[in-house]
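Student: structure, please.
(chains A and B)
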Amino acid sequence: MPRTLFDKIWDAHVVDRLEDGTCVLYIDRHLVHEVTSPQAFEGLRMAGRKVRRVENTIAVVDHNVPTSAERLTEVNEPESALQIATLEQNVKDFGVTYFPMSDVRQGIVHVIGPEQGISLPGMTIVCGDSHTSTHGAMGALAFGIGTSEVEHVLATQTLLQKPAKNMLIRVDGKLPEGCSGKDIMLAVIGKIGTGGGTGYVMEFAGEAIRALDMAGRLSMCNMSIEGGARAGLVAPDEVTFEYIKGRPFAPKGADFDAAVAYWKTLPSDEGAHYDKIVELRAEDIIPQVTWGTSPETVIPVTGSVPNPADEPDAAKRAQMERMLSYMGLEAGQKIQGTKIDVVFIGSCTNSRIEDLRSAAAVAKGRKVAQGVRVLVVPGSGLVKQQAEEEGLAKIFTEAGFEWREAGCSMCLGMNPDKLTPGQRCASTSNRNFEGRQGPGGRTHLLSPAMAAAAAVTGVITDVRELI
Amino acid sequence: MDKFTTLTAIAAPLNIDNIDTDKIIPARFLKTIKRTGLGKSVFADMRYNADGSDKADFVLNQEPYRKAQILVAGDNFGCGSSREHAPWALLDFGIRCIIAPSFADIFFNNSFKNGILPIALPEEICAKLREDAAMGGNARLTVDLERQMVVRPNGEEIPFQVDPFRKHCLLGGLDDIGLTLEHAAAIDSYESKIPAWTPKIQGA
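Tutor: This next block holds a predicted model:
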């Protein structure tokens, strides 16, 4: 029977099956960070258990770390410092490989996995973070788990799971200039809604996906969870293999050849069954921007904020009104020209070198608009180093943008980088929930190029007018 | 984990779709290394004013809902982040059961690991249960996990679905790590067959 990419990875990892169809699923890679792991290690200690496979496990600090240049010497918020110290004690006690803040390889967990060659095709990858879906771009089954499951994986190297349904998102055609993987993904979420992928694994396929570089694919899989799918997937191809080759933890020499031979068997078979198929034409996509407090509230930058009066359902209408009031927007207003206070370029969605190049291409030779604060936060120390070597950092600093150290930063309001109440932010991150970037903060999700366009004009701007 | 068998309790109506985990427990409260103590911060931004005083219009600030153990919520409850702090915070407040038209996958899963029963029922039924809940302290709901029934105050019984393995774990208050370790031999055997080219994360 023809199988999908998901079916193949799943089948290859079933250790055992319970009576009701629940599977004991083997986990190849477990990524650990400071926020969702302390209680899991505490659980291991209390039960006298050890980490079953330290060679499948990697730890890093990202959520809580400051991104200032002085962060190695300055005093962090006490609760953050305690979480970081707790992780450092845990990795020492349990023998887990760890990248501390002082290590150039430190960065956002979903950036460093692919960057280090830790996340590879055909693997099962988990982390106590919903954006673990990111690693699906490598052709791996990757999904977020809660802390109880973190403990479960640490102790058993497996999870108890039932298979998901298969959804195919096919994007054919050629993506217009000024658009990126982020724009495709926002358009997908706008089409299916934030619950549209619940219970599914989303596989992205089609000409426009094949044409994306790894960064574009990683951005798309990253936001699968915003469409309700725990995991996104892109079939591994030459782009993937080329990306992996030579990375520190990737297979080398004959091992690499053996791995590629296996990886080539993974793409979905002709005629494989999908429970749901969604199709988009890439050439129809216009740079996207969100107006509300859910990622599905997305419109083309040329569009207008919808009018709740046009919504027949009373509960939905009330929610739209609440969103408009929170966001400080008027029904029917053009989204272009909306004045912004802060621009955030970073996060596990858009902090890779390709993202920074696309932002720098817009920022080059321009200056930040008056009164706007712009944070550029590379996804890892190595991305930062490369951006400095390529001259991108210089473009940003000359434009008046802040060039910062690697971390989750302003994506989630857990470290010193936060919006203040009422501030409006053009952000390359993944969630525009109320208070996500700081209590009372207002988030508009968009691509790195669109964020740079907002930075230099001070308003939400169609980046196609600047390129 | 505490067992879940039968619960008769006050239910709070919370008719908002897409309640995300940032709403359930904002990120600034995640800086804890414990599972307990988050109840006072559950729904913090919906529940408290900037000065820390209660928002009078939020349901869990009203009597008798301060003692609610059941939430009847809107569609796609628990979407967003994987933070288990969301079910921990709900549990610490006293919530043992959430009824909604649908749940986000990770939240749904995390709830079972903490002795919270999430029940998905069609919107028409949730709407009726929210009306029951709106009647306050005289209209308790009963959730009978063994029989898989929600019993309305008028005696009407509404059946619900639950995964048999998860039901078994909830009824017994079972730690599933222990159950998985019963498969240790199968895990050993699987590991012995991992291809030789698979790199190890070590020697960094």
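
Student: flag every residue of the stretch 251-400 of chain A that's near chain B.
Tutor: Within the stretch 251-400 of chain A, the positions near chain B by C-beta under 8 Å from any C-beta of the partner chain are A:251, A:255-256, A:258-259, A:262, A:294, A:315-316, A:319. (C-beta placed from N, C-alpha, C; glycine too.)

Student: try it again at 10 Å.
Tutor: Applying C-beta under 10 Å from any C-beta of the partner chain, one finds that the stretch 251-400 of chain A approaches chain B through A:251-262, A:293-296, A:315-316, A:318-319, A:322.

Student: residue B:43 is in contact with residue B:58, correct?
Tutor: Yes. Using C-beta atoms under 10 Å, residue B:58 is in contact with residue B:43, at 7.1 Å.

Student: helix, strand or coil for residue A:24?
Tutor: Secondary structure, DSSP: H, G, I helix; E, B strand; the rest coil: residue A:24 is strand.

Student: count the neighbours of residue A:239 for me.
Tutor: Using other C-beta atoms under 10 Å in any protein chain shown, residue A:239 is surrounded by 17 other residues.

Student: ok, then the element right after the helix or strand it falls within?
Tutor: Element membership for residue A:239, per DSSP states H and E: helix A:238-244. Once the chain leaves helix A:238-244, the next helix or strand it forms, by DSSP H and E, is helix A:253-263.

Student: quick one, strands of the stretch 151-300 of chain A?
Tutor: A:158-161, A:165-172, A:200-205, A:231-234, A:276-281, A:288-290, A:298-300 (DSSP state E, counting those that start in this stretch).

Student: partner strands of the third one, with direction?
Tutor: Here strand A:200-205 has these sheet partners by DSSP bridges: strand A:165-172 (parallel), strand A:231-234 (parallel).

Student: got those strands as CSV, with mean pLDDT and distance to residue A:343 columns?
Tutor: Supplementary listing: the strands paired with strand A:200-205 in CSV, determined by pLDDT from 0 to 100; distance: least, C-beta to C-beta, whole Å:
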stretch, mean pLDDT, distance to residue A:343
strand A:165-172, 98, 27
strand A:231-234, 98, 26
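
Student: name the residues contacting each of residue B:58 and residue B:43.
Tutor: Taking C-beta atoms under 10 Å, 6 or more residues apart in numbering or on different chains as the contact rule, residue B:58 and residue B:43 both touch residue B:14.

Student: out of these two, which sits in the busier spot?
Tutor: Between residue B:58 and residue B:43, counting by other C-beta under 10 Å, residue B:43 is the more crowded of the two (21 against 16).

Student: so that one sits against residue B:90, correct?
Tutor: Yes. Look at residue B:43 against residue B:90 with C-beta under 10 Å: they come within range, at 8.9 Å.

Student: which residues do these two both contact?
Tutor: In contact with both residue B:43 and residue B:90: B:24-25, using C-beta under 10 Å, 6+ apart.

Student: ok, residue 100 - contacts?
Tutor: Just so you know, I chose chain A. By C-beta under 10 Å, 6+ apart, the neighbours of residue A:100 are A:59-61, A:65, A:72, A:84, A:87-88, A:91, A:106.

Student: actually it's chain B I care about, not the one you picked
Tutor: B:14-15, B:17, B:19, B:71-78, B:108, B:118-121, B:123, B:126, B:129.

Student: go again using 8 Å as the cut-off
Tutor: By C-beta atoms under 8 Å, 6 or more residues apart in numbering or on different chains, the residues touching residue B:100 are B:71-77, B:118-121, B:126.

Student: by mean pLDDT, point me to the weakest helix or strand of chain B.
Tutor: helix B:176-181 (a mean of 93; mean pLDDT, DSSP states H and E).

Student: mind listing what's buried along that helix?
Tutor: For helix B:176-181, the buried set under the neighbour-count rule, 16 or more other C-beta atoms under 10 Å in any protein chain shown, comprises B:176-177, B:179-180.
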